[in-house]
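**Student:** coordinates only, sequence not included:
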């Protein structure tokens, strides 16, 4: 309701009506129930706005408007989208007021309603790309905005359909067959239940044209629904397409996808895109206005988006010059009819009439004709004037006749004529030949589908007319050619449009045209996999059109699933829907997380269960205790304590709902641990002179260490002479288990005395036992002492004692003391020796059960007992050799003669063994016949060909055993050399001189020792997935250490610790090579290279530094086109250490930023779940919807 007030007086109220279309008139008035109804268009408002407003102000009239929702039409306008282009306002007021005030009221009401309309939801949308991209974005290869023709001849449009600009796919090099171009619209929101219609124009011109698909993408599920598809060359014209969107979509995007054909002649274009029906709409359209008496109106009461057609009798025309005019009902239930349809005769400047009969009326008939008229009509019939030979003529009537030149007389020689028959899109042309008399095989009539001469439909020549041609095309090109001699009567070609057009395929279905689109022809409907056909599968063409409506293809239903006890289930129940299971907090899901509704209408997998969340049992830390909950279920809390102090980790941990303990592993200090960085730890000092702390060189030349790893403890010989100095630990226990005491020492100087280590025991009596002793100059190297301490009752202390120093060059240093508990009372797990240290000073050693230092850069000769004479029987001879840290020992056996084996078994043998925890032997026990087991025909015999046996450290053991028979053989002689590990081992595969694919032992600068790596030429491979046989859903620790089958055709992960060591020594480039399961659509190998690739260490969660993309696969790690998937600076996550739970959902460790853009360690596979959820190996750019079959990640230094 609107009330106009002038001062204190009330102006009689006015009623407001809104229609959905404009009138070109300023306003009209009529009398309704004694009141004046006035209709004002928006154009009138624009012209009157300022003039009327100024007049109202001069009159001093205060205008107050109060609007209620009392009138349905007004309410509908205020609650949904009115078309912004037109607003009609019908206002009724009593005639007792003067006209001036009435117009002022109309004006302000118009202004108000125009403002209200701008607040409504958008009901329609249109884009012709004239000023911008209309918020479209590209996925995969991009679309291009262009004006004029494309850059390649023979493909693409010559210009835009509407305006100047359009979008197209540039398919020239480097684009390849199958490359996909996706143009994605902004998000649309549908606010009502109107049918939503998408309209666009497209151009598919080019002899190698690929495929054009249009999808509606549901924003909620990211699922694409195919709306429209076409393939192949459709000519150089712009074609119109109109498709209906699924009613269930509420928030969606439109995706236009072009797929490149086999060559660059496949530029696809799209223009003038529009959407209608986004807002509310009426249920039925209003009654359209009736035309004048001569007008025939075809109309039924139908919903929104229906048409009404007005037709004039022959000889009369509408005001637009045609006999027919059609209007469409819009969302508001109104018709865009601005005046009553009326038939009248016009006065054409020229009109061709080519029917065999008809009527011509004088202008304005049946009314009087106007004055000053000049009109022209041309009547063309087969007889009389002869037919001509056009170079090109367009025939766009629904039926007609084509005559040969000069018909019915003989056609001339040397004729080349062309006609194009065009009927509305979706219909087809039927052609027959009533007359055919031509010179056979020389004068020929040819019919082609479309505007080119590639798709030949039929030929006609001679005097036997061919059968009628059903073309299945809306465009037919007719070519006539006669040679230079012999003519005949010619031909008549009759054409007509078939009564049936190509119907729209059902959503999620397709149509197969069996014969054609003529009377009696039939079509069949088919549904896609996972959908049921509802309705008739076959339709037959009749004179009235198809005899049955289009069926529907609803998706199959798998039925609703029930949630597990203490859990939830969410998702749809129709084909391709995925449901996900989850559990209440405190419960863990056991079984399938996801299930898919399959094409057979049954659910994949089995129903999972929700079990109470439990955590692995925590053990008390070494040298510590644990207390708290005994049942390790969700919410259980434990406290940990350390007897000698906390080294790292957490002292309180809780069982989380993910089944893992919060915090970090508790590591306690051992009672002897000390690196002297912050003092002497718990050690007490005594003696004539005390121990000191230092870093680097000591103050005296020629003694003490020249280098150090931080602080160390030492005695200063210059201060004390021949005194005794002790350093005593706190008390500790050795009960129940064996322990290994280790410490580093440096005894460099000509006046070095003795370093003793004592174990002091406090039991019923106090005792002190010497467990290690070493005297004399050992050189300027840091060595490691290992002392096995067997289980022993009571409490104990370790005492380090330095004594016997004679002069100032006697500085003794120790560092890095630690005590390692064993697993049991069995001390054999510690591969150390109790043998006495023998100082050979470079001379050959010929004996047993000794420990020999091989000084860095020197070679030690080791021989069997009595060599070169026969060795004795019944030997169990162990020789322990060690060298400085950072060096490795290489073995070359130059003479090897052992007793011949009996029954393929060695009687006497030699084994060379690494001394590493849990290590296997570097060589097997060998005798003469078993040398080939090492891959050797014999041991190398020259120093330049040292046979590398010990590779992982600075210790090895010779184990020489003989039986009880005197053999008469001389035994062995070996050279053991100490070389710098970095000089012997390549740091990566680029430093290895060999080529091709191979396994190489490398030692990066920051690695603790050498390790095996797969090399591909100069590249070091860090990840390889070729078969899917290795599960990549591993723990944090497994990814840190590496796993899988390290071989040329194996699946493996080298290990984050090793990759960190590699990338911290040089700058590396990462190269990724991948292939797809769908090799037909995505042939060849796709490559992504990054010029920056580096990992941080484990304490920084192996964070990734990456950048500098180049390649053909697209960037899915650094600068992705989405808001996620940018991995620079991201931490590595696994299912047991990943705050975002991406690794848990996707089945592999990776650097996560979002969960699905590009992750090469995801679950391996190509099933429905992979294609729908991206939960398999994916690369989120070029072909992001398709699973990857093989991946290789490898490094090369820059």
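**Tutor:** That came through, no problem. Bear in mind the structure is a predicted one, so any value in this text is a computation, not a measurement. Numbers count the residues shown, from 1 in each chain.
**Student:** Quick check on the residue nearest in space to the middle of the chain: phi, psi?
**Tutor:** Centrality entry for the chain: nearest residue to the mean C-alpha point is residue 1180, 2.1 Å, by CA atoms, centre = their mean. Main-chain dihedrals, residue 1180, degrees, to the nearest 10: phi -80, psi 20.
**Student:** And the pLDDT at it?
**Tutor:** We have a pLDDT of 77 for residue 1180.
**Student:** what do you get for residue 950?
**Tutor:** 38.
**Student:** how many other residues sit next to the closest residue in space to the residue nearest to the centre of the chain that isn't next to it in sequence?
**Tutor:** Excluding its sequence neighbours, the residue lying closest to residue 1180 (CB to CB, 6 or more residues apart in numbering) is residue 1157, at 3.7 Å. Just so you know, the C-beta spots here come from the backbone N, C-alpha and C atoms, and that holds for glycine as well. Counted with other CB atoms under 10 Å, residues neighbouring residue 1157 total 23.
**Student:** For stretch 141-158, which residues meet the burial criterion?
**Tutor:** 141, 143-144, 146, 150, 152, 155-157 (16 or more other CB atoms under 10 Å).
**Student:** Among those, which one lies nearest to residue 586?
**Tutor:** residue 141 (48.7 Å; CB to CB).
**Student:** still on that earlier bit, now, the buried residues of stretch 141-158 that are in strands?
**Tutor:** Among these, the members found in strands (DSSP state E) are 144, 146.
**Student:** Mind putting the buried residues of stretch 141-158 into JSON lines with distance to residue 980?
**Tutor:** Converted to JSON lines, the buried residues of stretch 141-158 look like this (distance: CB to CB, whole Å):
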{"residue": "141", "distance to residue 980": "52"}
{"residue": "143", "distance to residue 980": "59"}
{"residue": "144", "distance to residue 980": "59"}
{"residue": "146", "distance to residue 980": "64"}
{"residue": "150", "distance to residue 980": "64"}
{"residue": "152", "distance to residue 980": "62"}
{"residue": "155", "distance to residue 980": "65"}
{"residue": "156", "distance to residue 980": "66"}
{"residue": "157", "distance to residue 980": "70"}
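**Student:** mind listing what residue 250 touches?
**Tutor:** Listed by CB atoms under 8 Å, 6 or more residues apart in numbering, the contact partners of residue 250 are 189-190, 220.
**Student:** For residue 610, see how far away it is.
**Tutor:** 32 Å (CB to CB, to the nearest Å).
**Student:** Equivalent analysis for residue 643, please.
**Tutor:** Here the criterion is CB to CB. By it, residue 643 lies 41 Å from residue 610.
**Student:** list the contacts for residue 1065?
**Tutor:** Residue 1065 makes contact with 987, 1004-1006 under the criterion CB under 8 Å, 6+ apart.
**Student:** Help me confirm that it is found in a strand?
**Tutor:** No - membership of residue 1065 in a strand is not supported by DSSP: H, G, I helix; E, B strand; the rest coil, which gives coil.
**Student:** For it, give its distance to residue 1091.
**Tutor:** Taking CB to CB as the measure, residue 1065 and residue 1091 are separated by 17 Å.
**Student:** Mind listing what's buried along stretch 204-216?
**Tutor:** 204-206, 208-216.
**Student:** possible to save the residues you listed as a markdown table with pLDDT, distance to residue 313 and secondary structure?
**Tutor:** Shown next, in a markdown table, are those (pLDDT from 0 to 100; distance: CB to CB, whole Å; DSSP: H, G, I helix; E, B strand; the rest coil):
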| residue | pLDDT | distance to residue 313 | secondary structure |
| --- | --- | --- | --- |
| 204 | 93 | 40 | strand |
| 205 | 93 | 40 | coil |
| 206 | 91 | 45 | strand |
| 208 | 92 | 49 | coil |
| 209 | 93 | 44 | coil |
| 210 | 93 | 48 | coil |
| 211 | 95 | 46 | strand |
| 212 | 95 | 42 | strand |
| 213 | 96 | 45 | strand |
| 214 | 96 | 41 | strand |
| 215 | 96 | 46 | strand |
| 216 | 95 | 44 | strand |
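**Student:** which one among those gets closest to residue 705?
**Tutor:** residue 215 (72.0 Å).
**Student:** Show the contacting residues for the closest one.
**Tutor:** Neighbouring residues of residue 215 by CB under 8 Å, 6+ apart: 224-227, 254-255, 257.
**Student:** Just to be sure, which of the residues you listed are found in strands?
**Tutor:** 224-227, 254-255, 257.
**Student:** What is the nearest of the residues you listed to residue 577?
**Tutor:** Among the ones in strands among the contacts of residue 215, and counting by CB to CB, the member closest to residue 577 is residue 225, at 13.1 Å.
**Student:** Quick one: residues contacting the closest one.
**Tutor:** Counting by CB under 8 Å, 6+ apart, residue 225 touches 215-218, 246, 249, 507-508.
**Student:** Try it again at 6 Å.
**Tutor:** 216, 246 (CB atoms under 6 Å, 6 or more residues apart in numbering).
**Student:** Beta-bridge partners for it, please?
**Tutor:** Following DSSP bridges, residue 225 is listed with bridge partners residue 216.
**Student:** And for the one 5 residues further on?
**Tutor:** For residue 230, the beta-bridge assignment (DSSP bridges) gives partners residue 212.
**Student:** pretty sure it contacts residue 212?
**Tutor:** Yes - taking contacts as CB atoms under 6 Å, residue 230 lies within contact range of residue 212: 4.9 Å.
**Student:** Among the contacts of residue 1065, name the buried ones.
**Tutor:** Using 16+ other CB under 10 Å as the burial test, the contacts of residue 1065 include 987, 1004 as buried.
**Student:** hmm, back to that, the residue nearest to residue 1180 touches residue 1125, doesn't it?
**Tutor:** Yes - contact criterion CB under 6 Å: residue 1157 and residue 1125 qualify, at 2.9 Å.
**Student:** Give me the common contacts of the two.
**Tutor:** Contacts common to residue 1157 and residue 1125, judged by CB under 6 Å, 6+ apart, are 1116, 1180.
**Student:** What is the neighbour count of the residue nearest to residue 445 when sequence neighbours are not counted?
**Tutor:** What sits nearest to residue 445 in space, not counting adjacent residues and going by CB to CB, 6+ apart, is residue 460, at 4.3 Å. Per other CB under 10 Å, the neighbour tally for residue 460 reads 21.
**Student:** Now do the contacts for residue 460.
**Tutor:** Shown in contact with residue 460 (CB under 6 Å, 6+ apart): 433, 436, 445, 466.
**Student:** min pLDDT across those, which one?
**Tutor:** residue 466 (86).
**Student:** That one falls within a strand, correct?
**Tutor:** No - applying three-state DSSP, one finds residue 466 to be coil, outside a strand.
**Student:** Run a quick neighbour tally on it.
**Tutor:** 16.
**Student:** Next one: it from residue 421, what distance?
**Tutor:** Distance of residue 466 to residue 421, given as CB to CB: 17 Å.
**Student:** Also residue 516?
**Tutor:** Here residue 516 is placed at a distance of 15 Å from residue 421 (CB to CB).
**Student:** Between those two, point out the one with more neighbours.
**Tutor:** Using other CB under 10 Å as the criterion, residue 516 and residue 421 rank with residue 421 on top: 27 against 22.
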